[in-house]
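Peer 1: Below is the sequence, then the predicted model.
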Amino acid sequence: MHKILVISTLLLVVVLATPVWAQGTNDVYQVSPWFWLQDLNLKVQDFVAVLIVNPGEQGTPISANHGAVCADIYLFDRNQEMLECCQCRLTANALLVLKFGISLDNNPLTGFPAPQAGVLKIISDNQANCDATSPVPTPNLRAWLDNEAFAPTGVIVGLNNRVRSMEQFAQVPLQADELAFLGQACSFVQFLGSGKGVCTCPTSD
């Protein structure tokens with residue numbers, strides 16, 4: 001009886017001591033597919049942007065750190081290769097707009113022509129850290145993919161035959177292995193690229 005009680009107690013301690021990372025941390029990690037086309041010869045171009053919002057859950061604009069949260073950004077192509085990574089600081093209530101071909105996919109590690117499809121991942125990072133090579137997750141940015149493109153042939157939609165859509169990034173529990181991989185891969189990309197492989201952030205404050 002005593003042995004069963006001891007074993008049960010040990011199991012309870014192990015369960016309670018298991019870190020949150022075993023199941024993944026919520027509200028710090030979001031992902032989205034991306035696609036854009038640029039062919040100047042055919043005069044066809046998609047205008048794609050990522051919109052990131054700091055909802056102010058970590059403080060207000062008048063707090064000591066202005067409620068800042070950093071967006072650690074990781075851009076992959078369709079072959080699962082990391083093209084670019086960077087970190088962008090957002091104060092409370094800030095809107096950050098990152099345009100493909102300007103802030104994103106304009107300085108890929110693999111060089112030009114740049115890939116035109118893949119996966120984009122964002123980790124909400126502690127503002128005191130703000131380092132995509134070693135993120136410290138903290139809630140809770142929100143992001144959308146804003147896409148404006150030519151409608152299919154024969155379909156007239158809106159001004160100049162263009163159609164626009166906006167999709168929110170999917171929230172995904174962040175696992176410890178994925179957190180470590182993204183930081184390490186970003187370090188590798190920035191080291192190997194010697195200036196390439198780094199996305200850029202317009203001023204968000």
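Peer 2: Perfect, I can see it now. Numbers count the residues shown, from 1 in each chain.
Peer 1: From the chain's centroid, how far away is the strand or helix carrying Ile123?
Peer 2: Taking DSSP states H and E as the definition, Ile123 sits inside strand 117-126. Strand 117-126 sits 2 Å away from the centroid of its parent chain (Cα atoms, centre = their mean, to the nearest Å).
Peer 1: again, but for stretch 94-110
Peer 2: 11 Å.
Peer 1: And stretch 67-87, by the same measure?
Peer 2: Centre to centre, stretch against its chain (Cα atoms, centre = their mean), the figure for stretch 67-87 is 5 Å.
Peer 1: Now it: buried residues?
Peer 2: 67-77, 82-87 (16 or more other Cβ atoms under 10 Å). The way it works is simple: take the backbone N, C-alpha and C, and place the C-beta from them, glycine included.
Peer 1: same deal with stretch 113-121?
Peer 2: 114-116, 118, 120-121.
Peer 1: Poorly predicted segments of this protein, please.
Peer 2: For the chain, the stretches flagged by pLDDT under 70 are 1-24, 37-46, 148-164, 203-205.
Peer 1: can you point me to the longest helix in it?
Peer 2: helix 176-193 (DSSP state H).
Peer 1: Mind listing the residues bridging to the residue minimising distance to the centre of the chain?
Peer 2: Geometric centre of the chain, nearest residue: Ile122, 1.7 Å, by Cα atoms, centre = their mean. Beta bridges link Ile122 to Gln30, Ile73 when assigned by DSSP bridges.
Peer 1: mind listing the helices for the chain?
Peer 2: Counting by DSSP H, one finds helices in the chain at the ranges 2-17, 176-193.
Peer 1: ranges for the strands of this protein?
Peer 2: 29-35, 38-39, 44-45, 47-53, 69-77, 82-90, 95-99, 117-126, 142-150, 162-168, 170-171 (DSSP state E).
Peer 1: For those strands, give me JSON lines that also has distance to Thr110.
Peer 2: Listed next are the strands of the chain as JSON lines, based on distance: least, Cβ to Cβ, whole Å:
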{"stretch": "strand 29-35", "distance to Thr110": "16"}
{"stretch": "strand 38-39", "distance to Thr110": "16"}
{"stretch": "strand 44-45", "distance to Thr110": "21"}
{"stretch": "strand 47-53", "distance to Thr110": "19"}
{"stretch": "strand 69-77", "distance to Thr110": "7"}
{"stretch": "strand 82-90", "distance to Thr110": "6"}
{"stretch": "strand 95-99", "distance to Thr110": "19"}
{"stretch": "strand 117-126", "distance to Thr110": "11"}
{"stretch": "strand 142-150", "distance to Thr110": "22"}
{"stretch": "strand 162-168", "distance to Thr110": "26"}
{"stretch": "strand 170-171", "distance to Thr110": "25"}
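Peer 1: now the angle from the strand holding Ile123 to helix 176-193?
Peer 2: Here the directions of strand 117-126 and helix 176-193 differ by 110 degrees (axes from the mean of the first three to the mean of the last three Cα atoms, to 10 degrees).
Peer 1: returning to that earlier point: how far away from the center of its chain is the longest helix of the chain?
Peer 2: The answer for helix 176-193 is 13 Å, by Cα atoms, centre = their mean.
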